[in-house]
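Participant: No letters, just coordinates:
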């Protein structure tokens with residue numbers, strides 16, 4: 001397999017981050033919230049499409065040697081993009097489109113750079129709060145340029161935790177158990193997978209569970225959480241693996257100890 005590491009290590013992450021955020025803002029300034037339902041039941045708006053086109057064109061001009069996979073591409077085009085051996089941008093132009101459509105301020109642009117099936121850079125931009133989460137593999141995570149580091153000694157026990165729980169996509173027995181016997185102090189669901197990952201990294205949620213996420217949903221946020229010092233697995237207890245197009249669940253926590261307790265609480 002071709003080694004693209006010189007290309008990746010020479011990238012200017014700060015300039016790329018600035019360029020993405022600026023272009024997202026430009027599109028959102030002329031936002032069209034009209035949309036349609038896709039075959040999977042999720043919404044897509046003209047703004048989703050416009051952000052993806054804008055970033056795809058800019059990234060191709062900036063780094064033509066890097067491939068591109070966007071949520072709004074056809075499944076065949078996504079498969080073809082992932083099949084190559086070159087580095088690959090993975091983009092969700094608007095994660096939380098349903099929120100965006102109705103004016104709820106909880107949506108984000110999520111972008112990761114994959115190399116050999118692993119995320120080496122992650123960016124989640126929240127235009128409503130002007131918060132930019134970034135991470136570089138092996139170098140750390142940042143929020144608006146400030147180092148983002150979870151202090152494992154400051155994490156709460158599960159009974160005092162605020163949890164992010166997406167009931168809709170959980171197996172029904174597990175959803176029923178969490179609703180009737182919550183092991184945490186309080187629960188929220190904000191409707192944006194990318195932000196939920198980042199909010200665990202920022203200490204706003206202590207734990208998180210989601211039953212079904214796509215590559216563009218989690219690739220950036222997963223890296224950001226890991227680089228901040230958080231921990232994650234799946235409902236099946238899988239170890240982190242090469243990223244691909246198969247949907248997967250997410251189980252996350254601020255610390256290893258808290259993740260162990262969270263996994264036990266999620267057993268049905």
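Facilitator: Looks like it arrived, so ask away. Note that the structure is predicted; figures quoted are calculated from it, not measured.
Participant: For the closest residue to residue 104 other than its chain neighbours, give me phi and psi.
Facilitator: Distances taken as C-beta to C-beta, 6 or more residues apart in numbering put residue 191 closest to residue 104, at 7.1 Å, once the chain neighbours are dropped. C-beta: built from backbone N, CA, C; applies to glycine. When read as degrees, to the nearest 10, the backbone of residue 191 gives phi 80, psi 20.
Participant: if I look at residue 191, how far off is residue 19?
Facilitator: Using C-beta to C-beta, to the nearest Å, we find residue 191 at a distance of 27 Å from residue 19.
Participant: between the two, who's got more neighbours?
Facilitator: Legend: neighbour count by other C-beta atoms under 10 Å for residue 191 and residue 19, higher for residue 191 (18 against 15).
Participant: That one reaches residue 97, doesn't it?
Facilitator: No: with contact defined as C-beta atoms under 8 Å, residue 191 does not reach residue 97; the gap is 9.2 Å.
Participant: what's the overlap in contacts for these two?
Facilitator: By C-beta atoms under 8 Å, 6 or more residues apart in numbering, residue 191 and residue 97 have these common neighbours: residue 107.
Participant: So which residues of the chain form helices?
Facilitator: For the chain, the helices defined by DSSP state H cover 5-9, 13-28, 46-62, 75-83, 97-102, 172-180, 193-201, 215-228, 256-265.
Participant: Give me the neighbour count for residue 140.
Facilitator: Residues near residue 140, counting by other C-beta under 10 Å, number 15.
Participant: residues touching the nearest residue to it once chain neighbours are set aside, list them.
Facilitator: Counting by C-beta to C-beta, 6+ apart, the nearest residue to residue 140 once its immediate chain neighbours are dropped is residue 227, at 5.2 Å. Counting by C-beta under 8 Å, 6+ apart, residue 227 touches 122, 135-141, 148.
Participant: how much space between residue 201 and residue 222?
Facilitator: The gap separating residue 201 from residue 222 is 10 Å, by C-beta to C-beta.
Participant: Please apply the same query to residue 13.
Facilitator: Going from residue 13 to residue 222 by C-beta to C-beta gives 17 Å.
Participant: Neighbour count for these two, which is higher?
Facilitator: Neighbour count, other C-beta under 10 Å: between residue 13 and residue 222, residue 222 has more, with 26 against 16.
Participant: Am I right that the more buried one is in contact with residue 119?
Facilitator: Yes: taking contacts as C-beta under 8 Å, residue 222 lies within contact range of residue 119: 6.7 Å.
Participant: quick one: stretch 26-41 to chain centroid distance?
Facilitator: 19 Å (C-alpha atoms, centre = their mean, to the nearest Å).
Participant: For it, buried residues please.
Facilitator: For stretch 26-41, a neighbour-count test (16 or more other C-beta atoms under 10 Å) marks 27-28, 35 as buried.
Participant: And for stretch 174-191?
Facilitator: Buried, per 16+ other C-beta under 10 Å, within stretch 174-191: 174-175, 177-178, 183-184, 187, 190-191.
Participant: Give me the residues contacting it.
Facilitator: Stretch 174-191 is contacted from outside by 96, 98-99, 104, 106-107, 158-167, 170, 196, 199, 205-207, 209, 211, 235, 261-262, 265-266, 268, using C-beta under 8 Å, 6+ apart.
Participant: Quote the end-to-end distance of it.
Facilitator: Start to finish, the residues bounding stretch 174-191 are 19 Å apart (C-alpha to C-alpha, to the nearest Å).
Participant: What of stretch 162-173?
Facilitator: Using C-alpha to C-alpha, the end-to-end distance of stretch 162-173 comes out at 21 Å.
Participant: What segments of the stretch 51-200 of the chain are strands?
Facilitator: For the stretch 51-200 of the chain, the strands defined by DSSP state E, counting those that start in this stretch cover 67-70, 88-95, 108-115, 118-126, 131-136, 140-143, 146-147, 162-165, 186-188.
Participant: Contact partners for the spatially closest residue to residue 263 that is not a sequence neighbour?
Facilitator: Counting by C-beta to C-beta, 6+ apart, residue 263 lies nearest to residue 251, which is 6.3 Å off, once chain neighbours are set aside. Shown in contact with residue 251 (C-beta under 8 Å, 6+ apart): 208-209, 232-235, 259, 262-263, 266.
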